[in-house]
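Participant: sequence first, then the predicted structure:
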Amino acid sequence: MDQETMRDRQQHIRNFSIVAHIDHGKSTLADRILEMTDTISEREMQAQVLDDMDLERERGITIKLNAVELHYTAKNGETYIFHLIDTPGHVDFSYEVSRSLAACEGALLVVDAAQGVEAQTLANVYLALDDDLEIIPVINKIDLPSAQPDVVKEEIEEMIGLDASDAILASAKSGIGIEEILERIVTDVPAPSGDLDAPLKALIFDSVYDSYRGVVLNVRIVDGTVKVGDEIELMSNGKKFEVTEVGVMSPKAVKRDMLMVGDVGYITAAIKTIQDTHVGDTVTSAAHPAEEALEGYRKITPMVYSGLFPVDNAKFNDLREALERLQLNDAALEFEPETSQALGFGFRCGFLGLLHMDVVQERLEREFNLDLIMTAPSVDYEVDLTDGTQITIDNPSEMPEASAVKDIREPFVKASIMVPNDYVGAVMEIAQRKRGEFVTMDYLDKYRVNVIYNLPLSEIIYDFFDDLKSSTKGYASLDYEVTGYRSSDLVKMDILLNGDAVDALSSIVHKDFAFERGKAIVARLKETIPRQQFEVPIQAAIGNKIIARSTVKAYRKNVLAKCYGGDVTRKRKLLEKQKAGKKRMKAVGSVEVPQEAFMSLLDMNSEDTKGK
Ligand SMILES: Nc1nc2c(ncn2[C@@H]2O[C@H](COP(=O)(O)OP(=O)(O)OP(=O)(O)O)[C@@H](O)[C@H]2O)c(=O)[nH]1
């Protein structure tokens, strides 16, 4: 390609994302766009191509970002190169949204015509506005009988402050408005402004490990060009590599001779060590390095911590390797080795939230074939000791004796909960129960309210959102940000099995809830720990004081005795269930403890809310 062709090409590139609240139709719209541009035929279209992780498909949510190149011949007769960069919609992953947005000039803002603007619509659109992206409002699902496009337009104008008079009315499901969207991308989203002749500068926005090709870098080229044979340098550590392949995803990998300014594609360079690359780094040319690296991404700090232990202790190194690979394209995942008396060697991992934790656990098990025991999630605490020192603790078992502790502070969040008027009472009741402190309440329009609460993060990471959803018929949407740490009356609760404290079962609880939770967790453990050859006493204790107790009776009858006369399938099912359960047993001292027992700490939270 000569210079002129490249300059002309640059003018025809459009890089954009789709931002939306979860379930407002982002993936469906992406599919329609791929179909309309013949990037993929209907026959090839597996349900929702952009969400290509199995896990995502099962859960129906977008987690990882993907970038796809497509070609669109506009009404003006010219062909444009679109790069569509997918973004996740769940609150846990807003960090990833900002990563994809950094590679774009524009964003489609998709709002469900029946649901209206929701918490993540706002959170995500603010991220896009921070990046100065051109925003095109799209009101989706206008085919629904309950669609109220005019009300939604008003909401977009009032709540976001965007002009919605020319918002596109669309139905991703029935294909309405898709062409208009494509045309507006051409006319409204600016072409990338980088300098073709400047030294290479490419932003790594994602990377994956491939056992044949090494690390595959997904990049947005900000300046210059890169081709096979070039020597590249990673600006954060000065490491140099020779480029072995470049290409784009369309949606399968398509090799190219080169990538140029404005392109979004991949680079491989036989990078074998995972630790060398990290998202947010800048790739430059080793021969003509850029003077300054791109701004990169802000550092993200995990909010929820949990211990991950292989059921088979010999798999410790496999687990480390798997975590390293996941970390490649999951900058938010943190881990460090942890030793538990009860569970042996494992890792203390930091996650963005419970969904993130769940996804990591499932990926480790499916993609890396690991059987894991995961301990209940915890937040991190700032602790002032009586000797004047301050420590941070993300593992309840490390909490010092109460006598050595002067003050414990826990993270607080400002939560914004959007609901229809009718449910405000229900929301307040839940927030209050979770030690919430009411801040304010704004009427968004005639129908909906934004309720703001300060809440301890530890209270909302578990089941707050589920509770909210179920008591508002699914209408509530939630967004939150950590605002700081506050002193709370917290104590460490130990759990003793057969008289021995099990470190992996300790938790930190508010004094006022300690009794109740102690009782609930002991009851829950009694249900989950199977009968053994001997009696197993279960106790909850604060310091030396036992606050709740129960006993798992010794094992007597065969499990099959529970079956009704000779029903073979039922019998088999029961045996299978028992076998699956066994796989995840861990011997803690002399007691066999199943995985679910370690999650009892979670259940106890919902337990104590039920009775009220
Ligand atoms: N009636 C109707 N349903 C739609 C339309 N667009 C999407 N849906 C449905 O809405 C649901 C959510 O759509 P998705 O495309 O998966 O939503 P999403 O925003 O990508 O969700 P995440 O990937 O989790 O962020 C699916 O059941 C779709 O079939 C539409 O235009 N009309």
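Facilitator: Received the coordinates, thanks.
Participant: just the element for whatever residue of the stretch 351-500 of the chain ends up closest to the ligand, please.
Facilitator: The stretch 351-500 of the chain approaches the ligand most closely through residue 355 (10.6 Å), counting by Cβ to the nearest ligand atom. No exception for glycine: its C-beta is placed from N, CA and C like everyone else's. Taking DSSP states H and E as the definition, one finds residue 355 inside helix 354-367.
Participant: give me the distance from that helix to the chain's centre.
Facilitator: Centroid separation between helix 354-367 and its chain, computed with Cα atoms, centre = their mean, to the nearest Å, is 10 Å.
Participant: cool, stretch 191-201 as well?
Facilitator: Offset of stretch 191-201 from its chain centre (Cα atoms, centre = their mean): 32 Å.
Participant: quick one: contacts of that stretch?
Facilitator: 3, 6-7, 10-15, 105, 221-226, 230, 232, 260-262, 282-285, 288-290, 293-294 (Cβ atoms under 8 Å, 6 or more residues apart in numbering).
Participant: can you check stretch 484-493 too?
Facilitator: 381-382, 396, 399, 402, 407-412, 456, 506-512, 514, 517-518, 521, 540-542, 547.
Participant: give the buried residues for the helix holding residue 355.
Facilitator: 354-364 (16 or more other Cβ atoms under 10 Å).
Participant: extract the CA atoms of that helix and return them as CSV.
Facilitator: Presented in CSV, the C-alpha positions along helix 354-367 are these (Å, rounded to 0.1, in the frame of the first residue of the first chain):
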residue,chain,number,x,y,z
LEU,A,354,-18.7,-12.0,42.8
LEU,A,355,-19.5,-12.5,39.2
HIS,A,356,-15.8,-12.0,38.3
MET,A,357,-14.9,-14.5,41.0
ASP,A,358,-17.4,-17.0,39.7
VAL,A,359,-16.2,-16.6,36.1
VAL,A,360,-12.5,-17.1,37.1
GLN,A,361,-13.4,-20.2,39.1
GLU,A,362,-15.4,-21.7,36.2
ARG,A,363,-12.7,-20.9,33.7
LEU,A,364,-10.0,-22.5,35.9
GLU,A,365,-12.1,-25.6,36.2
ARG,A,366,-13.2,-25.9,32.5
GLU,A,367,-10.3,-24.6,30.6
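Participant: looking at the contacts of stretch 484-493, which are in strands?
Facilitator: By the criterion of DSSP state E, membership of these in strands covers 381-382, 407-412, 456, 507-510, 540-542, 547.
Participant: get me the contact residues on the stretch 101-250 of the chain for the ligand.
Facilitator: 140-141, 143-144, 171-173 (Cβ under 6 Å from any ligand atom).
Participant: just the buried subset of those, please.
Facilitator: Using 16+ other Cβ under 10 Å as the burial test, these include 140-141, 171-173 as buried.
Participant: okay if I get the residues you listed as a markdown table plus pLDDT?
Facilitator: Below are those laid out as a markdown table (pLDDT from 0 to 100):
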| residue | pLDDT |
| --- | --- |
| 140 | 97 |
| 141 | 97 |
| 171 | 96 |
| 172 | 94 |
| 173 | 93 |
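Participant: can you pick out the most distant pair from the residues you listed?
Facilitator: 140 and 173 (8.5 Å; Cβ to Cβ).
Participant: now list whatever residues contact both of these two.
Facilitator: residue 25.
Participant: moving C-terminal of the strand or helix carrying residue 593, what's the next helix or strand?
Facilitator: Residue 593 belongs to strand 591-594 when assigned by DSSP H and E. Note on strand 591-594: by DSSP H and E, the next helix or strand toward the C-terminus is helix 595-598.
Participant: any idea how far that following helix is from the chain center?
Facilitator: Relative to its chain's centre, helix 595-598 lies at 23 Å (Cα atoms, centre = their mean).
Participant: can you map out the strands along the stretch 51-200 of the chain?
Facilitator: 67-73, 79-85, 106-112, 134-140, 168-169 (DSSP state E, counting those that start in this stretch).
Participant: most neighbours per residue, which of those strands?
Facilitator: Neighbour counts (mean count of other Cβ atoms under 10 Å) averaged over each of the strands of the stretch 51-200 of the chain peak at strand 106-112, with a mean of 26.
Participant: I'd like to know which elements it is packed against.
Facilitator: Of the remaining helices and strands, those touching strand 106-112 by 3 or more Cβ pairs under 8 Å, 6 or more residues apart in numbering; DSSP states H and E are strand 13-20, helix 26-36, helix 119-130, strand 134-140, helix 149-155, helix 178-188.
Participant: tabulate these (JSON lines), appending distance to residue 310.
Facilitator: Below are those laid out as JSON lines (distance: least, Cβ to Cβ, whole Å):
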{"stretch": "strand 13-20", "distance to residue 310": "37"}
{"stretch": "helix 26-36", "distance to residue 310": "34"}
{"stretch": "helix 119-130", "distance to residue 310": "35"}
{"stretch": "strand 134-140", "distance to residue 310": "44"}
{"stretch": "helix 149-155", "distance to residue 310": "49"}
{"stretch": "helix 178-188", "distance to residue 310": "47"}
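Participant: quick one: closest of those to residue 305.
Facilitator: helix 119-130 (23.2 Å).
Participant: what angle sits between the closest one and strand 106-112?
Facilitator: 160 degrees (axes from the mean of the first three to the mean of the last three Cα atoms, to 10 degrees).
Participant: now helix 119-130: buried residues?
Facilitator: Those would be 119-125, 127-129, for helix 119-130 by 16+ other Cβ under 10 Å.
Participant: and those, which is closest to residue 71?
Facilitator: Nearest member of the buried residues of helix 119-130 to residue 71, counting by Cβ to Cβ, is residue 128, at 24.4 Å.
Participant: wouldn't the closest one be in contact with residue 137 here?
Facilitator: No - taking contacts as Cβ atoms under 8 Å, residue 128 lies outside contact range of residue 137: 11.3 Å.
Participant: overlap in contacts of the two?
Facilitator: What both residue 128 and residue 137 touch, as defined by Cβ under 8 Å, 6+ apart, is the set residue 109.
Participant: can you tell me the SS state at the nearest residue to residue 13 once chain neighbours are set aside?
Facilitator: Distances taken as Cβ to Cβ, 6 or more residues apart in numbering place residue 262 nearest to residue 13, at 4.0 Å, with adjacent residues excluded. Classification of residue 262 by DSSP: H, G, I helix; E, B strand; the rest coil places it in coil.
Participant: where do the helices of the stretch 301-450 of the chain begin and end?
Facilitator: Remark: helices assigned in the stretch 301-450 of the chain by DSSP state H, counting those that start in this stretch are 316-328, 354-367, 424-433.
Participant: what's in contact with the last one?
Facilitator: To tie it back to what came earlier, the one meant is helix 424-433. By Cβ under 8 Å, 6+ apart, helix 424-433 touches 415, 417, 419, 436, 438, 441, 449, 451, 453, 455, 464, 467-468, 471-472, 476, 609, 612.
Participant: likewise for stretch 400-415?
Facilitator: Applying Cβ under 8 Å, 6+ apart, the external contacts of stretch 400-415 come out as 303, 379-387, 391, 399, 431, 436, 439, 452-458, 460, 478-488, 490-492, 508, 542-543.
Participant: and residue 322, what does it touch?
Facilitator: Applying Cβ under 8 Å, 6+ apart, the residues near residue 322 are 364, 367-368, 370.
Participant: measure it to residue 269 for me?
Facilitator: Note on residue 322: its distance to residue 269, by Cβ to Cβ, to the nearest Å, is 23 Å.
Participant: swap in residue 353?
Facilitator: Relative to residue 269, and taking Cβ to Cβ, residue 353 is found at 34 Å.
Participant: now swap in residue 392 and tell me
Facilitator: Taking Cβ to Cβ, one finds residue 392 at 38 Å from residue 269.
Participant: could you check which of those two has the larger neighbour count?
Facilitator: residue 269 (26 against 11; other Cβ atoms under 10 Å).
Participant: quick check, that one in contact with residue 233.
Facilitator: No - applying Cβ under 8 Å as the test, residue 269 and residue 233 come out as separate, 10.3 Å apart.
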